[in-house]
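Asks: Dropping a prediction and its sequence here:
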Amino acid sequence: MAAEACLKPWQDGTKPARWPTKPGPYKIAISNSYIGNTWRTEMVQVAKSYVSRPEVAKDVASLRVASAGNDVAAQIAQLNEMTLAGVDAIILNAASPTGLNSAINQAAAAGILVVSFDNVVTTPKAIKLNQDQYQMGKAWAQFVLDQTGGKGSVLMVRGVAGTFVDQERTRAAMELFKPYPDLKLTEVYGEWDDGTGQKVTANALAAGGKFDAVWSQGGTTGVCRAIQQAGQKIPPTAGEAENGFRKLAYELKFPMLSIGQSPTLSALSIMAAVNILKGEPTPSEISIPLPVVTNETLEPGKNFFPDLPDSLFTAINIGACGLEFDVNEVLAQKV
Amino acid sequence: MILTRYRPALLALIGLPLIIILYWTQQPLILSSFGARILANQGTTLALAAMAQMAVVLTRGVDLSVGAMVGLSNAIAATYMGDSLTSATLTIIAVLLIGTAAGALNGVIVAVGRIQPIIVTLASLYIYGGLALLVLPEPGGSVPDWFATGLTDSTGPVPNGLIFLLAVIFLVWLPIMSSRLGRSIYAVGDNEGAAYVSGLNVVRAKIVAYAMSGLLAALAGLFLTAQTTSGDATIGSGYTLNSVAAVVFGGVPLMGGRGVVLGPVLAAYFLSIIVSVLFAAGISPFYQSVVQGGLLIIVLAAGSYRALSSPNWLQVLRA
């Protein structure tokens, strides 16, 4: 069924999750860290929207959400409180990949299933669920190669320096670009943010650049706008799943590839937790298929939304998972 | 006499039991031994950071590098502790020495260089924060089990974190603060000019206060390392401003020269428990920080009600 195509093992040899089964319905808590951007808000909204579906609601007795900010001590406190409260599963987006490990181990020892997603943790006691960042960087890079034929100048808009996600995505791209000495790469750090992306792209253009393709990890709307403002045509662009980027690509018809880190990872983590608690076979490290949109599949009202803000993350539907969300219903959820 | 001495800490003294009772009505299990251990572990790092901050605030300064020093200690400890008793012990000693030296360096620049503490410690925040990233560029590292459980487990019903904190207060803080040196720290903060003309060594008092701050921040970093069993160079950032909040809430005026250590310590526990209470009460994450800040202002306002209700404004201004 849907779960098998959706909750895939991270790699060959990933062990199945082993956890004592329990009768439902389950008490579930979401422990989130940072809450200051659209993605995190949507992530919480998608989770709430998901558990309000009748077929899910029968398995979920309650869903509580807490956000600790990027403060490891506060998130430890939050996990401890959830442990005391005796929930059945904790869905975790961590402030630190390592700092919460002892609190997670304590929760696991108390019989609470912990599923970490997006910013995953290192302890083997937690189930991990994420999209493969390496594959994402590779798909963007392949698009750039296809569009340029392996020569010309490419603008690489990286993310936040020193983070695992940025390293993985960039590593994949560099491996693919390496055999092409005629590719001229210009790297800037856009910090996954439209404002910063626009600024650093404008700087790169001012330094005498004209780019034949763009590889952008995020803040893609800003990157495109900077190129527009410089009076240039937007070149083929591989980017994240920002609504603004997709709107521009639809309107201006430049070649594009859009892949997003999906806010739906929260709902899928709940799905995984419920499956594991019910005893359905589920991998202990889960890879979620990448939601890919190209010029051919771009469709207003389905995978981008002309009337909604540019900052919206559109990748809320992951076909392989059979989960369809109505964007207005998601956004109507109170956080 | 004792009552007057502890009056500044009154707010925290009342506030902490109240918040614990409030928490208990939401979550009866916190009064179990497991719950007590969780509560103690949660607040001890901030309590130590608050003491670090207080040492400097007493001299009418402020130390913005407390959080960075906590992070630096955490990074060093998790990187070098290893598994053997020797390596762990050497690392602990090194962390304490580095913390003390880092604090003393702040103190020398402030006291001898006569530069505003807020600027000096802002600069050293970047330096110590940067060093922490050099030591541990990505979160990771590990600590021996005995170190982690030794500090965060319980002895009978008493949480070890609490024992550790009391040991620091009784073996480090109180002996120094009740000595001549300690009294000169208070005197310098109360009136630097008067302290100088009375023949006190103002420079030495300040350097000692900042060095103590560094030592206490290092202890906070070590406790945090035991609690998280790993290192993260940026983990300390939250402790700088929260330590200032705990100090003020604990009845130590930012003008320096006054205050008892009990206040900031209790206030630190109060502040770290609020998060859990708000979660237990099911308050939306968007409102949690609003409620946290609002609560802090209400409590502080209630505390100054007495002073404000005095008919003599000159007295209000002096308070």
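Replies: That came through fine.

Asks: Please list the residues of the stretch 201-319 of chain B that sit near chain A.
Replies: When proximity is defined as Cβ under 8 Å from any Cβ of the partner chain, the stretch 201-319 of chain B approaches chain A at B:224, B:227-232, B:235, B:237-239, B:272-273, B:275-276, B:279-280, B:282, B:284-286, B:288-289. Where you see a C-beta, it was placed from the backbone N, CA and C, and this is true even at glycine.

Asks: Same question for stretch B:24-43: list its buried residues.
Replies: The neighbour-count criterion (16 or more other Cβ atoms under 10 Å in any protein chain shown) identifies B:26-27, B:30, B:34-43 as the buried residues of stretch B:24-43.

Asks: pLDDT, secondary structure and distance to A:Asn80 for the residues you listed - can I get that in a markdown table?
Replies: Formatted as a markdown table, the buried residues of stretch B:24-43 follow (pLDDT from 0 to 100; DSSP: H, G, I helix; E, B strand; the rest coil; distance: Cβ to Cβ, whole Å):
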| residue | pLDDT | secondary structure | distance to A:Asn80 |
| --- | --- | --- | --- |
| B:Gln26 | 84 | helix | 14 |
| B:Gln27 | 82 | coil | 10 |
| B:Ile30 | 82 | helix | 10 |
| B:Phe34 | 81 | helix | 9 |
| B:Gly35 | 84 | helix | 9 |
| B:Ala36 | 87 | helix | 12 |
| B:Arg37 | 86 | helix | 9 |
| B:Ile38 | 85 | helix | 4 |
| B:Leu39 | 87 | helix | 9 |
| B:Ala40 | 90 | helix | 11 |
| B:Asn41 | 88 | helix | 8 |
| B:Gln42 | 86 | helix | 7 |
| B:Gly43 | 91 | helix | 12 |
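
Asks: now stretch A:27-38: mean pLDDT?
Replies: In this model, stretch A:27-38 has an average pLDDT of 87.

Asks: List the buried residues in it.
Replies: Using 16+ other Cβ under 10 Å as the burial criterion, the residues of stretch A:27-38 that qualify are A:Lys27, A:Ile28, A:Ala29, A:Ile30, A:Ser31, A:Asn32, A:Ser33, A:Ile35.

Asks: List the neighbours of the lengthiest helix in chain A that are in contact with it.
Replies: Taking DSSP state H as the criterion, chain A has its longest helix at helix A:133-148. Residues outside helix A:133-148 that contact it (Cβ atoms under 8 Å, 6 or more residues apart in numbering or on different chains): A:154, A:164-165, A:168-173, A:175-177, A:180, A:183, A:212-217, A:235-236, A:238-239, A:255, A:257, A:259, A:261, A:290, A:292.

Asks: Give me the buried entries from those residues.
Replies: Buried members of the contacts of helix A:133-148, scored by 16+ other Cβ under 10 Å, are A:154, A:165, A:168-170, A:172-173, A:176-177, A:180, A:183, A:212-217, A:235-236, A:238-239, A:255, A:257, A:259, A:261, A:290, A:292.

Asks: Okay, buried residues for the longest helix of chain A please.
Replies: Quick answer for helix A:133-148 (16+ other Cβ under 10 Å): A:133-141, A:143-145, A:147-148.

Asks: would CSV of those residues with pLDDT be doable?
Replies: What follows is those, written out as CSV (pLDDT from 0 to 100):
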residue, pLDDT
A:Gln133, 93
A:Tyr134, 94
A:Gln135, 94
A:Met136, 95
A:Gly137, 96
A:Lys138, 96
A:Ala139, 96
A:Trp140, 97
A:Ala141, 97
A:Phe143, 96
A:Val144, 96
A:Leu145, 96
A:Gln147, 95
A:Thr148, 94
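
Asks: Show me what the helix or strand that the longest helix of chain A is followed by packs onto, helices and strands only.
Replies: The helix or strand immediately downstream of helix A:133-148 is strand A:152-158, counting by DSSP states H and E. The criterion is 3 or more Cβ pairs under 8 Å, 6 or more residues apart in numbering or on different chains; DSSP states H and E, and the helices and strands that strand A:152-158 contacts are helix A:164-177, strand A:183-189, helix A:194-206, strand A:213-216, helix A:220-229.

Asks: what's the burial count for the residue of the stretch 101-250 of chain A found nearest chain B?
Replies: For the stretch 101-250 of chain A, the residue positioned closest to chain B under Cβ to the nearest Cβ is A:Ser102, at a distance of 4.5 Å. Here the neighbour count serves as a burial measure; for A:Ser102 (other Cβ atoms under 10 Å in any protein chain shown) it reads 22.

Asks: One more: B:Ala209?
Replies: Should you count by other Cβ under 10 Å, B:Ala209 turns out to have 33 residues around it.

Asks: Mark which of the residues of the stretch 201-319 of chain B next to chain A are part of strands, please.
Replies: Counted as lying in strands by DSSP state E, out of these, is not a single one.
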